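Novice: Give me a 3D structure for the following:
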Amino acid sequence: QVIVYDNNGFFAAARVWWMFRVYGHDHVAVLNGGLARWLQLSLPVTARVDQPTPKHFISRFRPELFCDLTQMQQIVQSRSHLIIDARSPETYQKEHIPGAINIPHRKMSEETTKHLDRAAMVVTYCDGIGCNASTKGALNMAKLGFRVKELIGGLDWWKRDGHKTEGSAVDAKDAACGCD
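Specialist: Numbering: from 1, shown residues only. Next up, the predicted model:
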């Protein structure tokens, strides 16, 4: 078991968790609350760096955890997957991929997902590569028992490839990230 954490508000830990899974290591978890919560609970910390026992691991790339733009176009047309925009409601309302629903990653819970089909494949996305709401959303949805993929490049790449969007500011050149 690998446990990852960070001290920057859950940004890096989610990405590390996702990349372990992408390369075939499913025995990975994110420490709930990260280092900040650990310290808040007055749990022990040390400056000592232990040398882990080396283990043999054979990676296997799992492309099925990603969704590229061609696949996403087919998903949008067929409505075969549940598309979740993991950004804030304000940025979702301004512009989103057709057919997407909005569940901000910070709001994903048993309560906010109880109406969703647990058997459906979920594709999460956010603004793009500099944003991390998609990965945080993928982590949260996986913890809730959903099968999850992540859209490569997010809304930014979707728009750059000329795909249609919906919302109140569809033609806006610069969209706010909205992954807070």
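Novice: ends of stretch 106-119, how far apart?
Specialist: Stretch 106-119 has an end-to-end distance of 22 Å (criterion: CA to CA, to the nearest Å).
Novice: Centroid-wise, who is the farthest residue in this structure?
Specialist: Distance from the C-alpha centroid of the chain, by CA atoms, centre = their mean, peaks at Arg48 (32.2 Å).
Novice: Helix, strand, or coil at it?
Specialist: Secondary structure for Arg48, judged by DSSP: H, G, I helix; E, B strand; the rest coil, is coil.
Novice: ok, then the element right after the helix or strand of the chain with the lowest mean pLDDT?
Specialist: Ranked by mean pLDDT, DSSP states H and E, the helix or strand of the chain with the weakest confidence is helix 11-22, at a mean of 88. From helix 11-22 onward toward the C-terminus, using DSSP states H and E, the following helix or strand is strand 28-30.
Novice: Where does pLDDT dip in this structure?
Specialist: Applying pLDDT under 70 to the chain flags the ranges 9-11, 171-176, 180.
Novice: What segments of this protein are helices?
Specialist: Assigned by DSSP state H, the helices in the chain fall at 11-22, 34-40, 69-78, 89-94, 110-113, 133-143, 154-160.
Novice: got those helices as TSV, with mean neighbour count columns?
Specialist: Every residue, glycine included, has its C-beta placed from N, CA and C. What follows is the helices of the chain, written out as TSV (neighbours: other CB atoms under 10 Å):
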stretch	mean neighbour count
helix 11-22	18
helix 34-40	14
helix 69-78	15
helix 89-94	18
helix 110-113	12
helix 133-143	25
helix 154-160	20
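Novice: got a list of what the residue nearest the centre of the chain touches?
Specialist: When CA atoms, centre = their mean is applied to the chain, the residue found nearest the centroid is Thr135 (2.0 Å). For Thr135, the contacting residues are Ala14, Arg15, Trp17, Trp18, Thr124, Glu150, by CB atoms under 8 Å, 6 or more residues apart in numbering.
Novice: Quick check: the gap between the spatially closest residue to the second one that is not a sequence neighbour and Gly154.
Specialist: Pointing back at Arg15 there. Using CB to CB, 6 or more residues apart in numbering and skipping residues adjacent in sequence, the residue nearest Arg15 is Thr135, 5.4 Å away. Noted for Thr135: a distance of 10 Å to Gly154, by CB to CB, to the nearest Å.
Novice: Helix 133-143 and the least confident helix or strand of the chain, what's the angle between them?
Specialist: With axes from the mean of the first three to the mean of the last three CA atoms, to 10 degrees as the basis, helix 11-22 and helix 133-143 are set at 60 degrees to each other.
Novice: Need the contact partners of helix 11-22.
Specialist: 2, 4-6, 26, 28-31, 34, 61-62, 65-66, 132, 135-136, 138-139, 150.
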